[in-house]
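[1] below is the sequence, then the predicted model.
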Amino acid sequence: MDNKLIKDQFFQMLRIRKVELKISELYPEEEMRCPVHLSVGQEAVAVGVCSALQKKDIALSAHRSHAHYLAKGGDLKSMLAELYGKKTGCAEGKGGSMHLIDLEAGLIAAVPIVGSTIPIAVGSAWGNMMQDKSVTTAVFFGEGATETGVFHESLGFASLHNMPMIFVCENNLYSVYSSLEVRQSNKRNNIKIAEGHGIVSLKGEGNDVSSVYGVIKESISIIKKQKGPVYVEFDTYRWLEHCGPNDDDHLGYRKDKEVKKWKINCPIEKTKDYLLNNKLADEKEIQTVSLELDDEIEEAFEFAKTSPFLDKKHLYTSIYSD
């Protein structure tokens, strides 16, 4: 990785963090017209994956989609307007946080039903193959999605047809309030399960953007040698509640020691320390860019808040309906 890329990844992660913290701050105003699932603490996976993809490549996300949308190049104003249910939103205000889309950026879908994005991604990749398009498809999902039947069916189909796909599992250790140990056998290993489907499987450090980027570049190399698809898994950690803007550590389903350990392992602070220690940036530059990001985000929220709602005559347009 070159120094410019590392710096760019840092500011991308910082931008995503600031956007989501602002969502958290303003959500209690009750003007955002949808639930939100925030990725605070998990920014390195989104940025590491998407910075390794080309613009022409396709990405699909699930319910925790803001970071993927922004990292793939989605429009911030359109994303926030979507949260506010406005006509200027990326889905005309009809989808909300869990149905983000930006075709120009290559983020073609976000679907909230656990596991459902995986077969959609396989279908999209299959369509591109049938049209002889040289496109890599990356699909993001949590470890909970690996418990669904379509996960295995999708791996099998993608493997059988040697599809140019990267299955990206963000393992944040919890499905709502349930930890892995109460949902999956301690003998289970998703890496081996994917390998059992004939798929090359890799694992990286999900809170280290350089590690994520390296694993995805390796995955792309494997695909180009027609030895794909690839399953990759990154351990990471969400800081806030499963759904909503708040801290929920008072509920006690996660141990204080565990939460503190993961917060110390913050992907943004780790990258910042690397930049400072290697004199690739200084505190003044970081502060300057941080203030510029604050201005951008304030402007985007103002755009979202002041945008008009869609007229009711459009209720049944741009959807699949009889």
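    Perfect, thanks for sending it. Numbering: from 1, shown residues only.

[2] please enumerate the helices of the stretch 151-300 of the chain.
    190-196, 209-224, 256-264, 267-277, 283-306 (DSSP state H, counting those that start in this stretch).

[3] mind listing what's buried in stretch 44-63?
    44-53, 57-63 (16 or more other C-beta atoms under 10 Å). Where you see a C-beta, it was placed from the backbone N, CA and C, and this is true even at glycine.

[4] could you do stretch 301-308 as well?
    301, 303-304, 307.

[5] what about the strands in the chain?
    Assigned by DSSP state E, the strands in the chain fall at 58-61, 107-110, 137-142, 165-171, 174-175, 178-179, 200-205, 230-235.

[6] reformat those as CSV; add mean pLDDT and distance to residue 215.
    Output for the strands of the chain, formatted as CSV (pLDDT from 0 to 100; distance: least, C-beta to C-beta, whole Å):
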stretch, mean pLDDT, distance to residue 215
strand 58-61, 98, 16
strand 107-110, 94, 20
strand 137-142, 97, 12
strand 165-171, 97, 9
strand 174-175, 90, 22
strand 178-179, 89, 25
strand 200-205, 96, 4
strand 230-235, 98, 5
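
[7] residue 89 is nearest to which of those strands?
    Nearest to residue 89 among those is strand 107-110; the distance by C-beta to C-beta comes to 12.8 Å.

[8] for the closest one, packing partners?
    Applying 3 or more C-beta pairs under 8 Å, 6 or more residues apart in numbering; DSSP states H and E, we find strand 107-110 packed against strand 58-61, helix 66-71, helix 117-130.

[9] which of the ones you listed sits closest to residue 296?
    helix 66-71 (11.5 Å).

[10] run through who's touching that closest one.
    Residues outside helix 66-71 that contact it (C-beta atoms under 8 Å, 6 or more residues apart in numbering) are 12, 15-16, 19-20, 23, 36, 38-39, 42-43, 45-47, 49-51, 59, 61, 76, 79, 90, 97, 100, 102, 105, 107, 110, 140.

[11] what distance do you get for the most centrally placed residue in the chain to residue 232?
    By C-alpha atoms, centre = their mean, the chain has its centre lying nearest to residue 68, at 3.3 Å. Distance of residue 68 to residue 232, computed by C-beta to C-beta, to the nearest Å: 14 Å.

[12] hmm, back to that, turn the helices and strands packed on strand 107-110 into CSV, columns for distance to residue 236.
    Output for the helices and strands packed on strand 107-110, formatted as CSV (distance: least, C-beta to C-beta, whole Å):
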stretch, distance to residue 236
strand 58-61, 15
helix 66-71, 11
helix 117-130, 18
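
[13] residue 252: which of these is closest?
    The minimum distance between residue 252 and the helices and strands packed on strand 107-110 falls on helix 66-71, with 26.8 Å, by C-beta to C-beta.

[14] any weak-confidence spans in the stretch 101-250 of the chain?
    For the stretch 101-250 of the chain, no stretch has pLDDT under 70.

[15] residue 18: how many residues sit nearby?
    Using other C-beta atoms under 10 Å, residue 18 is surrounded by 16 other residues.

[16] and it, what does it touch?
    Residue 18 neighbours (C-beta under 8 Å, 6+ apart): 290, 293-294, 297.

[17] and these, which are buried?
    Buried subset of those (neighbour count, 16+ other C-beta under 10 Å): 293, 297.

[18] which of the contacts of residue 18 lies closest to residue 252?
    residue 297 (33.0 Å).

[19] quick check: end-to-end length of stretch 86-97?
    One end of stretch 86-97 to the other measures 12 Å (C-alpha to C-alpha, to the nearest Å).

[20] and residue 273, which of the helices and strands packed on strand 107-110 is closest to it?
    helix 66-71 (21.0 Å).

[21] pLDDT on the closest one, on average?
    The average pLDDT for helix 66-71 rounds to 98.

[22] distance of the residue lying closest to residue 46 once chain neighbours are set aside relative to residue 189?
    Sequence neighbours aside, residue 67 is the residue nearest to residue 46 in space, at 3.7 Å (criterion: C-beta to C-beta, 6 or more residues apart in numbering). Note on residue 67: its distance to residue 189, by C-beta to C-beta, is 26 Å.

[23] okay, the two: which has more neighbours?
    residue 67 (29 against 14).
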